[in-house]
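Peer 1: Sequence below, structure please.
(4 chains)
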2 protein chains.
Amino acid sequence: MKEGPDIARIGTLIGDPARANMLTALMGGQALTATELAQAAGVTLQTASSHLSKLEDGGMIAQRKQGRHRYFTLADTAAGALLEGIMGFAASRGHLRHRPGPKDPALRKARVCYDHLAGDYGVRMLDSFVARGAIETDGENLAMTEEGRAELGKLGIDVASLASGRRPLCKSCLDWSERRSHLAGTLGKALLSHLLEKGWARRSGESRAVLFTPEGERKFLALFPAD
Amino acid sequence: MKEGPDIARIGTLIGDPARANMLTALMGGQALTATELAQAAGVTLQTASSHLSKLEDGGMIAQRKQGRHRYFTLADTAAGALLEGIMGFAASRGHLRHRPGPKDPALRKARVCYDHLAGDYGVRMLDSFVARGAIETDGENLAMTEEGRAELGKLGIDVASLASGRRPLCKSCLDWSERRSHLAGTLGKALLSHLLEKGWARRSGESRAVLFTPEGERKFLALFPAD
DNA sequence: TTCATACTTCGATCCTAACCGAAGCATTCT
DNA sequence: AGAATGCTTCGGTTAGGATCGAAGTATGAA
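Peer 2: Numbers count the residues shown, from 1 in each chain, chains lettered A, B, ... in the order given. So this is what the prediction gives:
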């Protein structure tokens, strides 16, 4: 017995409600200070500090000092992917923190999933790419086609440079609210950046919600028509 | 705040050492009784019973009664995939339950990962498929080629029927001992079954280790040559 | 230098949940 | 029917860790 990786340690880190709230907040992709994370978790600064050092020791988060602030982020994309996976599993078992239903409609419509777009609009975007043949899928894996590369080039997105690193270009990510896949990977990240840079949408304060401008929403829906 | 799936609940389930040991034991893919799981976890039967009902309520495991025994398994492949993901993450952060190094050599050489082959030999098998062009990969996704289908057909493995379900045929799974990918999916499952049915290897009692016969090892290495 | 902000460390409290002994229920064997 | 096996439930104990107040450290502003 006692063989293999220590999954209990990871489980314990995620299993505390305060730490889980902090990690969920960091899934927004923004660097947050200890004070902000304490608020997100609903605990005092002392308690938050203790939790943050445990999360850092466990390799879940990283910090960088900047002046008298200390900014925390998820350690890397692997940590983000792990949390995404757990969220998907929890949602599939119906483990939600409040009643399902038409609550938090903004969050279900569009939100940030670590560094890419999720929610109804995220799912719609991937569906649209697949429907027009820009991305091919076998239900699990995703692959960009030549047509897709050309189309994204017109939008001003350089697919070649996105595909150069070790992180995959296209990756599907299970959406906990829609229970279907949306687009992750470097392309998913680039597309979210694109939306925000163009001013079509903006982040909503501390929440993970993504709020579209009327103009931006019109353009987004025209660019990614539903089936 | 308080938005989204309840990851803390999943974390708590996995975070207790006794439950983590049980889940690790169930990653072997075999159905185990409450008594066996109590031994694996190092607790009494009463304590194990309590843990098992929590794991079942949380959707991690399933049970079926058979006579006066109660057999427990992981709930589904999603639960197995979740645990694989957490194991990979834990291993990548160096969270091992005992010193790394040349310990448990049998386990590092070949072991069961829920329903497919992992360890050195599992990685070698996938590498070999890729090297000869039976499987194509972009570093993340896997796809079977026509040559691959033909080759596996000769081994008596019907790829078409394996690919028919919703579960993907080829899937890469991060190997915590090798820190590289091995082959999961329905094909990974079929290949492990093949090894065991042909008598090339057998399961090692309660452990996840897979032990090859001298004859079986010779054939396996010939079939899947290293680079 | 003095004060303020941001965060950490220490110490004490308190509460959850893991644990096991004992008893109870269900199934099978004789 | 009686005994044995496999597992669950109940009750009481205990330990780990989450929590916060208070004090300490570090950086920046006045």
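Peer 1: contacting residues around the lowest-mean-pLDDT helix or strand in chain A?
Peer 2: Lowest by mean pLDDT, DSSP states H and E among the helices and strands of chain A is helix A:105-109, with a mean of 79. The contact list for helix A:105-109, computed with C-beta atoms under 8 Å, 6 or more residues apart in numbering or on different chains, reads A:Gly119, A:Asp120, A:Tyr121, A:Ser177, A:Glu178, A:Ser204, A:Ser207, A:Arg208, A:Ala209, A:Leu211, B:Glu3, B:Gly4. All C-beta atoms are positioned from the backbone trio N, CA, C, and that covers glycine.
Peer 1: and the helix or strand just after that helix with chain B, contact?
Peer 2: Next helix or strand after helix A:105-109 toward the C-terminus (DSSP states H and E): strand A:111-113. No. Counting by C-beta under 8 Å from any C-beta of the partner chain, chain B has no neighbours in strand A:111-113; the shortest distance is 8.6 Å.
Peer 1: swap in stretch A:162-178?
Peer 2: Yes. Residues of stretch A:162-178 contacting chain B under C-beta under 8 Å from any C-beta: A:Arg166, A:Pro168, A:Lys171, A:Trp176.
Peer 1: Flag every buried residue along that stretch.
Peer 2: Judged by neighbour count (16 or more other C-beta atoms under 10 Å in any protein chain shown), stretch A:162-178 contains these buried residues: A:162-163, A:167-178.
Peer 1: how many neighbours does A:Ala209 have?
Peer 2: Other residues near A:Ala209 come to 22 when the count uses other C-beta atoms under 10 Å in any protein chain shown.
Peer 1: does it have beta-bridge partners, and which?
Peer 2: A:Ala209 forms beta bridges with A:Arg111, as assigned by DSSP bridges.
Peer 1: For A:Ala20, see how far away it is.
Peer 2: 19 Å (C-beta to C-beta, to the nearest Å).
Peer 1: Mind naming the longest helix for chain A?
Peer 2: helix A:77-92 (DSSP state H).
Peer 1: ok, now which ones touch the residue most central in space within chain A?
Peer 2: Centroid check for chain A by C-alpha atoms, centre = their mean gives A:Cys113 as the closest residue, at 1.4 Å. Taking C-beta under 8 Å, 6+ apart, we find A:Cys113 in contact with A:Met27, A:Glu84, A:Gly122, A:Cys173, A:Asp175, A:His182, A:Ala184, A:Arg208.
Peer 1: closest to DNA strand C among the residues you listed?
Peer 2: A:Met27 (19.0 Å; C-beta to the nearest atom of the strand).
Peer 1: Nearest residue to that closest one in space, please, no chain neighbours.
Peer 2: A:Tyr114 (5.3 Å; C-beta to C-beta, 6 or more residues apart in numbering or on different chains).
Peer 1: Over to A:Val43?
Peer 2: A:Ala18 (5.0 Å).
Peer 1: Wait, the one you found touches A:Gln39, no?
Peer 2: No. If you go by C-beta atoms under 8 Å, A:Ala18 and A:Gln39 don't touch, sitting 11.3 Å apart.
Peer 1: Correct me if wrong: A:Arg124 contacts A:Ala226.
Peer 2: Yes. Between A:Arg124 and A:Ala226 a contact is recorded at 5.9 Å, counting by C-beta under 8 Å.
Peer 1: hmm, back to that, go through the residues of stretch A:162-178 next to chain B and name the one nearest DNA strand C.
Peer 2: A:Trp176 (22.8 Å).
Peer 1: who's in contact with the closest one?
Peer 2: A:Met87, A:Gly88, A:Ala90, A:Ala91, A:Ser92, B:Gly4, B:Pro5.
Peer 1: what's the answer for A:Val210, then?
Peer 2: A:Ala110, A:Arg111, A:Val112, A:Leu117, A:Gly119, A:Tyr121, A:Leu192, A:Leu195, A:Ala201, A:Arg202, A:Arg203, A:Ser204.
Peer 1: Over to A:Thr77?
Peer 2: A:Tyr114, A:Asp115, A:Arg167.
Peer 1: Can you lay out the residues you listed as JSON lines showing pLDDT and distance to A:Ala143?
Peer 2: Converted to JSON lines, the contacts of A:Thr77 look like this (pLDDT from 0 to 100; distance: C-beta to C-beta, whole Å):
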{"residue": "A:Tyr114", "pLDDT": "84", "distance to A:Ala143": "22"}
{"residue": "A:Asp115", "pLDDT": "87", "distance to A:Ala143": "21"}
{"residue": "A:Arg167", "pLDDT": "82", "distance to A:Ala143": "15"}
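Peer 1: closest to chain B among the residues you listed?
Peer 2: Minimum distance to chain B across those is 8.5 Å, recorded for A:Arg167 (C-beta to the nearest C-beta).
Peer 1: Domain map for chain A?
Peer 2: Annotated domains of chain A cover A:7-75, A:78-223 [automatic domain parsing].
Peer 1: Tell me where chain A has strands.
Peer 2: A:32-33, A:61-66, A:69-74, A:111-113, A:116-118, A:135-137, A:142-144, A:171-174, A:181-184, A:201-203, A:210-212 (DSSP state E).
Peer 1: Among the ones you listed, show me which one is buried the most.
Peer 2: strand A:116-118 (a mean of 28; mean count of other C-beta atoms under 10 Å in any protein chain shown).
Peer 1: By pLDDT, rank the contacts of A:Trp176 and give me the bottom one.
Peer 2: Among these, B:Gly4 carries the lowest pLDDT, at 77.
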